[in-house]
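> my questions concern the predicted model and sequence given below.
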Amino acid sequence: MDGGLSITLISAVMFVGSFLLGFIPLLFRLSERSLHLVSILGAGFLCGTALAITIPEGVGLIQESWTRQNTSLSAAVNESSRESAPSPQPWIGVALTSGFTFMFVVDQLASYFSVCGKTNPNSDAITATLGLVIHAAADGFALGAVVATGQVTVQVIVFLAVILHKAPAAFGLVAFLIHAGLEKRSIQGHLLAFSAAAPIVAIPTYFIFHLTSSSPQNQLGATGVGMLFSGGTFLFVATVHVLPDIISSSSGSRAGQQPGHPKHQSHLGLKESVTLVFGIALPVLLALGIHDD
């Protein structure tokens, strides 16, 4: 399938799915336990996708781009010049840390504006929506970069990772906005912005990677850097933002049920741990079971 058609269809499905999933709390109340398990599964899937799919794939693309570039220059330069060519490893580290640092800065700015805007009754709602919109935009960047590779396996896995991440995020956003006292029409506007963020970024990202590269080698390298940047954002969201909240909420609920439970003991229960491990392993299983055309 053509890449432009693929990214358009994926973006449309992602937008509709995210909006419908987020609309569920407006129709009926979900159990906190079910939402908690979905959040754990999504966090595990994000970790697994970053570690087993986007980072290895990004490294492979950069290495392939570097190899092709050196091969194409082999007829014009001597052996010593090729041996002194710069290694692609530094770009791998730069891309990963840039994605991780970008999401860190976003979270810090969101916290800053939340503190500074306490006098506005809607400031918390706006800040929560803004933070999630930026996170969703990073997901869209990941999808756009992935579709530019043309590899069906990676597209399917990253798409599933984004959907599993966006489902609890949409649930949580709408539930928070309801609790904040916003009107239904206003909540729908916030949900619309969150649902549209990833598709709006995904489509231009794909075409930028696809059209601006002057050669196949440069396109491979740029796409690899984009995937590594996305892997860094996935790791931050899962390990710094989602997992600590899940572990602390699990520990808090158990501490509330068991008087005298030590407050410093923070860990997941058996069911939560199995769900997390399953979420981490699922991208690997999908990668082994789905083959590119």
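In hand now; what should we look at? Note that the structure is predicted; figures quoted are calculated from it, not measured.

> what's the offset of stretch 175-184 from the middle of its chain?
With C-alpha atoms, centre = their mean, to the nearest Å as the basis, stretch 175-184 stands 25 Å off its chain's centre.

> that one spans what distance, first to last residue?
Chord length of stretch 175-184, first to last residue, is 11 Å (C-alpha to C-alpha, to the nearest Å).

> elements contacting whichever strand or helix holds Leu5?
Leu5 belongs to helix 3-27 when assigned by DSSP states H and E. For helix 3-27, the elements it packs on are helix 123-149, helix 152-179, helix 184-212, judged by 3 or more C-beta pairs under 8 Å, 6 or more residues apart in numbering; DSSP states H and E. Just so you know, the C-beta spots here come from the backbone N, C-alpha and C atoms, and that holds for glycine as well.

> and those as a markdown table, adding mean neighbour count, mean pLDDT and distance to Val225?
Formatted as a markdown table, the helices and strands packed on helix 3-27 follow (neighbours: other C-beta atoms under 10 Å; pLDDT from 0 to 100; distance: least, C-beta to C-beta, whole Å):
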| stretch | mean neighbour count | mean pLDDT | distance to Val225 |
| --- | --- | --- | --- |
| helix 123-149 | 23 | 75 | 8 |
| helix 152-179 | 21 | 73 | 15 |
| helix 184-212 | 19 | 87 | 10 |
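
> just put these in JSON lines and tack on distance to Val59.
Output for the helices and strands packed on helix 3-27, formatted as JSON lines (distance: least, C-beta to C-beta, whole Å):
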{"stretch": "helix 123-149", "distance to Val59": "13"}
{"stretch": "helix 152-179", "distance to Val59": "13"}
{"stretch": "helix 184-212", "distance to Val59": "17"}
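
> ok, which of those comes nearest Cys47?
Nearest to Cys47 among the helices and strands packed on helix 3-27 is helix 152-179; the distance by C-beta to C-beta comes to 9.4 Å.

> among the helices and strands packed on helix 3-27, which is nearest Val240?
Comparing the helices and strands packed on helix 3-27 under C-beta to C-beta, the one sitting nearest is helix 123-149, at 11.8 Å.

> what's the angle from that closest one to helix 3-27?
Counting by axes from the mean of the first three to the mean of the last three C-alpha atoms, to 10 degrees, helix 123-149 lies at 150 degrees to helix 3-27.
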